[in-house]
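Visitor: Predicted structure and sequence below. I'll ask about it afterward.
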Amino acid sequence: TMGGDTRYVIMRFQIPLYASNRPLYNRVLVAINDVTSIRLSEISNIEAKNRTARYLNSSNVIFLSMDIDGVITTVNTRLSDMLNLNSEELIGQDWIQTFIVDSDRDDLRQVINTLLTGASDAVELIENQIINGDGQVYSIQWDHNVIRGEQGDIQEIVAFGSDVSRERTLESKNLQLQAQMQQSQKLNSISTLARGVAHEINNPLTGLLNYANILEEEIEDPELREFAQGIQKEGTRVAKIVSNLLTFARLDVKNKQELKVSEIIDKAVMLINQSLLTDNIHLNILSSDDSLSIHGQEQELQHVMLNLITNSWQAIMRKTFSPDEKGQITIQTQLLADVDPQVLRVTVEDNGEGIKSEHIDNVFDPFFSGSKRVRRVGMGLAVAYGIIRDHGGKIFIESEYGKHTCVTIDFMRLQDPNINEHGDN
């Protein structure tokens, strides 16, 4: 304008007509509509959106908006960086189905349903895990709110989140330490009880075996002598069980030595085999070489084996078998000669209830149980995981719910001086 102001206008041009409807080419009609206020409002809105976007992208907050169907409409840079995708790749994708881990999807759907039904306009402090294309998982704590239109209808759901992955990792480690401390206290109690039981049983047992031996020597009747031999046999078996119980509960848990894996398995089986027989569960032990050895602490490794066998036993007892089926546990020891001749693999497999897919990633978490009916005997898998790790080994689980579970442990075996690094004599 003459005064230096900037105005936004819409101009319409039209050629006028004579009365006979012939164009009057030497004249032009111009209609001018001042839209300055509308244009300035639009510019202001764009600038406000840009400021908001800059704020969301520069802050440590994780931001997401989605429509009522759960389809992503907006994300900030922090979220796109975590998911390793740019905003254009994220917009239009199903948020829950694509980026929320399986075990958290139903809970989040309930939150969304609470918002959409109008039961609440905001749901705070909801935690779930998101996963990106590389398989990296983050624990996020969210606040969800609805955005309503002019008519009061819900148009979008916005979520503001904070990354609590580090805190959850520290909590998990603390829980594992607590579990190990509790297990240590249990071992102290078991050790005290075992020593008392051994003292009370071994003294009369020694007398019983001596008397049976005298009877065997003095009795001439072959049938009675066979009874005396039977007393000696069963008494010796009781003595061995008591001895294994003492070994199991002994407290010198830091003394590592050369151990035969087959003996560790046999001693653990001795403590639970009668229960397996009572429940008609078949135990199959396979070994490519009974002399295979590792360097470790006997009592800790016995604990692990007993725990794994006990878990298999419980899984079988929770499953309903057909008349022609039978519960089975298979323990196999072998060298991975084709992969690494120094790796000794122990597997414990059962045909029990199995583990649900949504629980498989949590089985090593302290105090976790995928079944409310589980009977808690011995340590949890969290402690077993810690023991195997302390022995330089690895433990992992494969399971199909309703069919089977296989726990695999890989140790580094003790090197035989007669075997070279390629596994050859």
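Guide: Okay, I see it.
Visitor: count of neighbours near residue 179?
Guide: 20 (other C-beta atoms under 10 Å). To be clear about C-beta, it is placed using only N, CA and C from the backbone, and glycine gets the same treatment.
Visitor: Is it in contact with residue 382, as I believe?
Guide: Yes - contact status for residue 179 versus residue 382: in contact at 5.0 Å, counting by C-beta atoms under 8 Å.
Visitor: List the beta-bridge partners for residue 158.
Guide: residue 65, residue 145 (DSSP bridges).
Visitor: what sits against it?
Guide: Taking C-beta atoms under 8 Å, 6 or more residues apart in numbering as the criterion, residue 158 is in contact with 63, 64, 65, 144, 145, 146, 147.
Visitor: what do you get for residue 259?
Guide: Applying C-beta under 8 Å, 6+ apart to residue 259 gives the contacts 293, 294, 295, 296, 298, 301.
Visitor: pLDDT at the fourth one, what is it?
Guide: This points to residue 296. Looking at residue 296, its pLDDT reads 89.
Visitor: measure the spatially closest residue to it that is not a sequence neighbour to residue 224 for me?
Guide: Closest residue in space to residue 296, ignoring its immediate chain neighbours: residue 391 at 4.9 Å, by C-beta to C-beta, 6 or more residues apart in numbering. Distance from residue 391 to residue 224, counting by C-beta to C-beta, to the nearest Å: 51 Å.
Visitor: Residue 381 too?
Guide: Distance from residue 381 to residue 224, by C-beta to C-beta: 51 Å.
Visitor: who has more neighbours, those two?
Guide: Per other C-beta under 10 Å, whichever of residue 381 and residue 224 has more neighbours is residue 381, with 23 against 13.
Visitor: That one is in contact with residue 304, isn't it?
Guide: No - the pair residue 381 / residue 304 is not scored as a contact, 9.3 Å apart, by C-beta under 8 Å.
Visitor: Can I get the helix or strand hosting residue 314 in CSV? Just the C-alpha atoms.
Guide: Residue 314 is part of helix 298-317 when elements are defined by DSSP states H and E. Only the C-alpha atoms of helix 298-317 are listed here, as CSV (Å, rounded to 0.1, in the frame of the first residue of the first chain):
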residue,chain,number,x,y,z
GLU,A,298,30.0,-79.3,41.3
GLN,A,299,27.3,-78.2,43.6
GLU,A,300,26.3,-75.2,41.5
LEU,A,301,26.1,-77.3,38.3
GLN,A,302,24.1,-80.0,40.2
HIS,A,303,21.7,-77.3,41.2
VAL,A,304,21.3,-76.3,37.5
MET,A,305,20.7,-79.8,36.3
LEU,A,306,18.2,-80.6,39.1
ASN,A,307,16.3,-77.4,38.3
LEU,A,308,16.1,-78.2,34.6
ILE,A,309,14.9,-81.8,35.2
THR,A,310,12.4,-80.5,37.8
ASN,A,311,11.0,-77.9,35.3
SER,A,312,10.6,-80.7,32.7
TRP,A,313,8.9,-82.9,35.3
GLN,A,314,6.4,-80.1,36.2
ALA,A,315,5.8,-79.3,32.6
ILE,A,316,4.9,-82.9,31.9
MET,A,317,2.6,-83.1,34.9
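Visitor: List the buried residues for that helix?
Guide: For helix 298-317, a neighbour-count test (16 or more other C-beta atoms under 10 Å) marks 298-317 as buried.
Visitor: likewise stretch 265-282?
Guide: Within stretch 265-282, the residues that qualify as buried are 265, 266, 267, 268, 269, 270, 271, 272, 276, 281, counting by 16+ other C-beta under 10 Å.
Visitor: mind giving me JSON lines with the residues you listed and columns for pLDDT, secondary structure and distance to residue 100?
Guide: As requested, the buried residues of stretch 265-282 are exported to JSON lines (pLDDT from 0 to 100; DSSP: H, G, I helix; E, B strand; the rest coil; distance: C-beta to C-beta, whole Å):
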{"residue": "265", "pLDDT": "93", "secondary structure": "helix", "distance to residue 100": "41"}
{"residue": "266", "pLDDT": "91", "secondary structure": "helix", "distance to residue 100": "46"}
{"residue": "267", "pLDDT": "88", "secondary structure": "helix", "distance to residue 100": "45"}
{"residue": "268", "pLDDT": "89", "secondary structure": "helix", "distance to residue 100": "40"}
{"residue": "269", "pLDDT": "91", "secondary structure": "helix", "distance to residue 100": "43"}
{"residue": "270", "pLDDT": "87", "secondary structure": "helix", "distance to residue 100": "47"}
{"residue": "271", "pLDDT": "84", "secondary structure": "helix", "distance to residue 100": "43"}
{"residue": "272", "pLDDT": "88", "secondary structure": "helix", "distance to residue 100": "40"}
{"residue": "276", "pLDDT": "92", "secondary structure": "helix", "distance to residue 100": "41"}
{"residue": "281", "pLDDT": "93", "secondary structure": "coil", "distance to residue 100": "39"}
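Visitor: Not counting its own residues, what contacts stretch 209-223?
Guide: 224, 225, 228, 229, 231, 232, 235, 236, 239.
Visitor: So which residues of the stretch 301-425 of the chain form helices?
Guide: All helices of the stretch 301-425 of the chain, identified by DSSP state H, counting those that start in this stretch, fall at 381-390.
Visitor: among the helices and strands of the protein, which has the poorest mean pLDDT?
Guide: Least confident helix or strand, the chain: helix 36-58 with a mean of 66, by mean pLDDT, DSSP states H and E.
Visitor: Report the separation between the residue nearest to residue 296 and residue 344.
Guide: For residue 391, the distance to residue 344 (C-beta to C-beta) stands at 11 Å.
Visitor: Show me the strands in this structure, by range?
Guide: Using DSSP state E, the strands of the chain run over residues 9-14, 29-34, 62-66, 72-75, 122-131, 137-148, 154-163, 257-260, 282-287, 293-296, 328-336, 340-350, 394-400, 404-412.
Visitor: Would you mind giving the ones you listed as CSV with distance to residue 199 added?
Guide: Shown next, in CSV, are these (distance: least, C-beta to C-beta, whole Å):
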stretch, distance to residue 199
strand 9-14, 104
strand 29-34, 105
strand 62-66, 62
strand 72-75, 69
strand 122-131, 52
strand 137-148, 51
strand 154-163, 56
strand 257-260, 26
strand 282-287, 31
strand 293-296, 29
strand 328-336, 32
strand 340-350, 33
strand 394-400, 36
strand 404-412, 35
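Visitor: and of these, who's closest to residue 204?
Guide: Closest to residue 204 of the strands of the chain is strand 282-287 (C-beta to C-beta; 30.5 Å).
Visitor: by contact count, what packs against the closest one?
Guide: If you count contacts as 3 or more C-beta pairs under 8 Å, 6 or more residues apart in numbering; DSSP states H and E, strand 282-287 packs onto helix 261-278, strand 328-336.
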